[in-house]
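> Quick check, what structure comes out for this input:
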Amino acid sequence: PWRSIPAELLFLVLGITAAALLVAGFAMLSHDLSVYRQSWIEDMNTEAAILARSTAPALAFGDRTAAQRYLNALQAREAVTVAAVYEQSGAIYAEYVSEGQTAPPSQLPSDATGTQVNGENLELTARIVQNGEFLGTIYLRAHYDVSGRVKAYITIFALIMAGSMVVALLLSAVLQRIITTPLDAMADIARRVIDDHDYSQRARKSTDDEVGVVVDAFNKMLDEVELRTRALESANRTLKDEVTTRKEAEVALRASEKLYRAIGESIDYGVWICDSEGKTTYASLRTACARLLNR
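Numbers count the residues shown, from 1 in each chain. The predicted model follows:
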């Protein structure tokens, strides 16, 4: 369906702004989540390294109470839900389990190495080494609220989007004042010229840019149209006057001819009329009879 230029311009500005923000927002969110995940893994690796260094003496000297104390300190880290210290044999030595979480396996799996990320959950194992001697393994299970971060990001993005739409509306208003207002004025004048045949209308020039050039060209076109229209109207009036004069002359001529024919037929002697070349244009009845008798 047809829409006005201001509506098209508003739709274009808002559409481009929204599309650009959506693309930029998606790219920034993807990058942020990637960086967040990497920092999360590095944070847990640092936590595992600290625990390995702290619990190494406890394993070396068989101090289970000290190892348990170090693990219980993880209560301050809400992200860490399960932690355990395993001996060289893989048997569990000490453990920490937050409320509502499943306990770590009593025997460390042989393939439990490195870091595994599954959605918002992370499982990490790190070797406990002291003076080059392998003493055991640290096991950590952590949960990070990625969905909460995404929701917060979307909230911030929505506020940015709303602010950007307001700026886009203001920009659209400025563009309409600069671009569409002169175009609307020219369209209104064109309608009035077509409907009322008033060629004296002119658009007002407000800028000296390309729009101003268009306004000047439009006004010059109207000047030319007005000039030709007036010339045509003058020619029509002259032609109309000539036609009227000719009609009046023809009427007068017919009346005159009727009069002299009536006179020619009413007198007792013949009457005839010749043109400049000597041709008879009129001969009364008596003249015609006289010619017949003389033959």
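> So which residues of this protein form strands?
Along the chain, counting by DSSP state E, strands occupy 80-87, 92-97, 114-118, 121-130, 133-143, 272-274, 280-283.
> among those, which is the most enclosed?
strand 80-87 (a mean of 23; mean count of other C-beta atoms under 10 Å). In this view, the C-beta of every residue, glycine as well, is placed from N, C-alpha and C.
> so what strands line up beside that one?
strand 92-97 (antiparallel), strand 133-143 (antiparallel) (DSSP bridges).
> I'd like those as TSV, with distance to residue 251 and mean pLDDT appended.
Listed next are these as TSV, based on distance: least, C-beta to C-beta, whole Å; pLDDT from 0 to 100:
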stretch	distance to residue 251	mean pLDDT
strand 92-97	124	94
strand 133-143	112	92
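> Looking at the ones you listed, spot the one closest to residue 235.
Checking the strands paired with strand 80-87 against residue 235 by C-beta to C-beta gives strand 133-143 as the closest, at 92.7 Å.
> send the alpha carbons of that closest one over as CSV?
Only the C-alpha atoms of strand 133-143 are listed here, as CSV (Å, rounded to 0.1, in the frame of the first residue of the first chain):
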residue,chain,number,x,y,z
GLU,A,133,55.8,-35.9,43.7
PHE,A,134,52.2,-36.7,42.7
LEU,A,135,50.0,-36.8,45.9
GLY,A,136,46.4,-36.8,44.6
THR,A,137,43.8,-35.0,42.6
ILE,A,138,41.5,-32.0,43.2
TYR,A,139,37.9,-32.3,41.8
LEU,A,140,35.7,-29.3,41.5
ARG,A,141,32.1,-29.0,40.2
ALA,A,142,30.8,-25.4,39.7
HIS,A,143,27.7,-23.7,38.4
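> Now distance to residue 197 too, for the strands paired with strand 80-87, in a markdown table please.
Below are these laid out as a markdown table (distance: least, C-beta to C-beta, whole Å):
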| stretch | distance to residue 197 |
| --- | --- |
| strand 92-97 | 92 |
| strand 133-143 | 80 |
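> Go through those strands and name the closest to residue 127.
strand 133-143 (5.9 Å).
> In contact with the closest residue to residue 96 other than its chain neighbours, which residues?
Residue nearest to residue 96 in three dimensions, not counting chain neighbours: residue 71, with 3.9 Å by C-beta to C-beta, 6 or more residues apart in numbering. By C-beta atoms under 8 Å, 6 or more residues apart in numbering, residue 71 lies in contact with 51, 55, 83-85, 94-96.
> Next, work out how far apart residue 71 and residue 250 are.
127 Å (C-beta to C-beta, to the nearest Å).
> residues contacting residue 107?
With C-beta under 8 Å, 6+ apart, residue 107 has these contacts: 90-92.
> which of these lies closest to residue 163?
Nearest to residue 163 among the contacts of residue 107 is residue 92, at 53.9 Å by C-beta to C-beta.
> buried ones in stretch 139-155?
Across stretch 139-155, burial judged by 16 or more other C-beta atoms under 10 Å covers 139-144, 153.
> in the stretch 101-250 of the chain, which spans are helices?
Ranges of helices in the stretch 101-250 of the chain, per DSSP state H, counting those that start in this stretch, are 146-175, 181-196, 210-266.
> And those helices: which comes nearest residue 25?
helix 146-175 (4.9 Å).
> Got phi/psi on residue 145?
phi -80, psi 80 (degrees, to the nearest 10).
> Skipping its backbone neighbours, what lies nearest it in space?
residue 120 (6.8 Å).
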